[in-house]
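Trainee: Compute the structure for the input listed below.
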Amino acid sequence: MAKGYFALILHAHLPFVRHPEDPTVMEEQWLYEAITGTYLPLLQVFEGLLADQVPYRVTVSLSAPLLTMLADDLLKDRYARHLDALIELAGKELDRTRPEPHYHRLAQMYLDRFHSLRHTWRSHDGNLVRAFRRLQEAGRVEVITSTATHAFFPMMDRNWASMRAQVHVAADLYQDHFGQRPRGMWLGECGYVPGSDELLREAAIRYFLVDSHAVLLGDRRPAYGIHAPVYCPTGVAAFARDTESSQQVWSAKEGYPGDPQYRDFYRDIGFDLPMDYIGPHVHPEGIRMYTGIKYHAITHAKLHDKWVYDPDAARARAGLHASHFRGNREKQVEALAAHMDRPPIVVSPYDAELYGHWWYEGPIFLNDVFRQLHFDQGSVESITPGDYLDRHPTNQMATPSLSSWGAKGYAEYWCNDSNAWTHRHLHTAAERMTELARRNDAATGLELRALNQAARELLLAQSSDWPFIMTTGTTVPYATRRFNEHIVQFTGLYQDLKAGHLDEKRIADLEGRDNIFPRVDYRIYAT
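Mentor: Okay, here's the model as predicted:
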């Protein structure tokens, strides 16, 4: 009988990036890199555990934009070509590195890896959403979703109709793909506002995730700290992130991914090799970019003074780190259980892209963790938040505090000198969308299409990714352009609807480009 539970939550999310008009937009690579680095390797791990009859349980949050992109025929076709190009490049590398045995060995590793990933991709006909659905139906993965475009609720609470739309549109999209309502919902950036749980209850959502201080600083002291959920007054459960387990992976100083034996993310042949060789495999305009073929270990040295990556040494480190992580969960659970009248739950949420994309050995680590939890101990059982609520339906009632899992725990990352200017436009657009929905309660034909597209443009503008990127300073021009485009397109539709002059060609163009949420109903904004 297990003394406690371990709930791993992997949150998979990317902003909606789809450019049918230009296949060379670099930001589309985000999706392709995530499929290659994270989603396919995780599927291989989960399917391997299932085939070996290891009774693991894991929660995977697939955000609504990611679900849409993974199901999009245009993007699936482009990704298939991208994977073929990786195999071609790895074949070239195999020839180029023959005089250098250490690099040649790695080139062979990448060629084998890309062939394996393509086999997995093709075995699912490129339908990764269906692959995750099958894992859910097999009783191993609990798939949840996020708010519609990962909107950041703490900056939206002046317009609750708009927040309500974020919840219901996402839940409806999930139901279209999985044939049922999601049991849980990941609030964008774990941004919680007291009362927003009412919107989740209305959409039949049973739980959501928050950072630890949301529960610890709630309206009453939690009897079990962060190691049992609390019910909001609506009956929706809030599960808090466990600080200790998260620290062992996330910490820049103590976290496992920083081990010097692991593969370095930043040294990539897309930047190391001469342009006359690598040119056909980077951006057509000659812009260097990551290819995914990396030959060096982290090393704790300067970028150009690193060891050659040793996959055997890295594999051994992943096993040791998995053992350390599992052992610490045993000690943690045993210590907590001694002071609780129920088994404690250790909730460990992470961005899924950490495993594989950023931390190359991350999927190996997870595979070892789940196998060790099954074969090497009996104190800790892997479950999902939904499992916990089924087993322990009686929990303390409390209202978490306004919070996020961003830097400093509140809203600063999404409202600062770099991005505060966006919010006045978002507030105005949300008010205008509510106005349109209340004034047009039974639109048909072209007016219906325009109203639904206005809703899509507003949802896309509300993505928390745009202010996030503005804060990090990475691809700021792209984030700024996308935000402005959606606001301008929404405003144009708003003005045309008010004037009664609709341009069918313009509406069709927007429908073809920003085709997220095909069944969105603008009337959701009327209440």
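
Trainee: Leu510 is in contact with Pro20, correct?
Mentor: No: if you go by C-beta atoms under 8 Å, Pro20 and Leu510 don't touch, sitting 11.8 Å apart. Backbone N, C-alpha and C define where each C-beta goes, glycine included.

Trainee: More neighbours: which of these two?
Mentor: Leu510 (22 against 12; other C-beta atoms under 10 Å).

Trainee: Look up the closest residue to that one, ignoring the ones flanking it.
Mentor: Nearest residue to Leu510 in three dimensions, chain neighbours excluded: Gln453, at 5.2 Å (C-beta to C-beta, 6 or more residues apart in numbering).

Trainee: Please name every helix or strand in contact with the helix or strand containing that neighbour.
Mentor: Under the criterion of DSSP states H and E, Gln453 resides in helix 445-461. Counting contacts by 3 or more C-beta pairs under 8 Å, 6 or more residues apart in numbering; DSSP states H and E, helix 445-461 is packed against helix 160-178, helix 421-439, helix 476-499, helix 504-513.

Trainee: winner for burial among those?
Mentor: helix 160-178 (a mean of 22; mean count of other C-beta atoms under 10 Å).

Trainee: What helices and strands are in contact with the helix or strand that it is followed by?
Mentor: Where DSSP H and E defines the elements, the next helix or strand beyond helix 160-178 is strand 184-186. With contacts taken as 3+ C-beta pairs under 8 Å, 6+ apart, strand 184-186 sits against strand 58-62, strand 141-146, helix 160-178, strand 207-210.

Trainee: Distance of the residue nearest to Leu510 relative to Leu83?
Mentor: 32 Å (C-beta to C-beta, to the nearest Å).

Trainee: what does Lys76 give?
Mentor: Lys76 is 11 Å from Leu83, by C-beta to C-beta.

Trainee: Show me which of these two is the more surrounded one.
Mentor: Remark: of Lys76 and Leu83, Leu83 carries more neighbours, 21 against 17, as counted by other C-beta under 10 Å.

Trainee: What confidence value was assigned to that one?
Mentor: pLDDT, Leu83: 98.

Trainee: Identify the residues contacting it.
Mentor: 32, 36, 114, 117-118, 121 (C-beta atoms under 8 Å, 6 or more residues apart in numbering).

Trainee: roughly how far apart are it and Val60?
Mentor: Leu83 is 22 Å from Val60, by C-beta to C-beta.

Trainee: same question, Gln180
Mentor: 15 Å.

Trainee: go on, Val193?
Mentor: Applying C-beta to C-beta to Val193 and Val60 gives a distance of 25 Å.

Trainee: Have a look at the two and say which one is more surrounded.
Mentor: Per other C-beta under 10 Å, whichever of Val193 and Val60 has more neighbours is Val60, with 23 against 20.

Trainee: What's the first helix or strand after the helix holding Gln453?
Mentor: helix 465-472.

Trainee: Please save the CA atoms from that next one in PDB.
Mentor: Written as PDB, here are the backbone C-alpha positions of helix 465-472 (Å, rounded to 0.1, in the frame of the first residue of the first chain):
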ATOM      1  CA  ASP A 465       2.900  34.400 -25.300                       C
ATOM      2  CA  TRP A 466       3.200  37.800 -26.800                       C
ATOM      3  CA  PRO A 467       3.800  39.800 -23.600                       C
ATOM      4  CA  PHE A 468       6.000  36.900 -22.400                       C
ATOM      5  CA  ILE A 469       8.200  37.200 -25.400                       C
ATOM      6  CA  MET A 470       8.400  41.000 -25.100                       C
ATOM      7  CA  THR A 471       9.700  40.500 -21.500                       C
ATOM      8  CA  THR A 472      12.300  37.900 -22.400                       C
END
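
Trainee: report the angle between the axes of that helix and helix 476-499?
Mentor: Orientation of helix 465-472 against helix 476-499 (axes from the mean of the first three to the mean of the last three C-alpha atoms, to 10 degrees) gives an angle of 150 degrees.

Trainee: Go through the contacts of Leu83 and name the one nearest Gly258.
Mentor: Among those, Thr36 lies closest to Gly258 (C-beta to C-beta), at 22.4 Å.

Trainee: which secondary structure elements does the lowest-mean-pLDDT helix or strand in the chain contact?
Mentor: Least confident helix or strand of the chain, by mean pLDDT, DSSP states H and E, is helix 243-250 with a mean of 90. Counting contacts by 3+ C-beta pairs under 8 Å, 6+ apart, helix 243-250 is packed against helix 311-337, strand 345-351.

Trainee: Look at the most far-flung residue of the chain relative to its centre and give its secondary structure.
Mentor: In the chain, Pro99 marks the outermost C-alpha relative to the chain mean, sitting 40.7 Å out by C-alpha atoms, centre = their mean. Here Pro99 is recorded as coil under DSSP: H, G, I helix; E, B strand; the rest coil.
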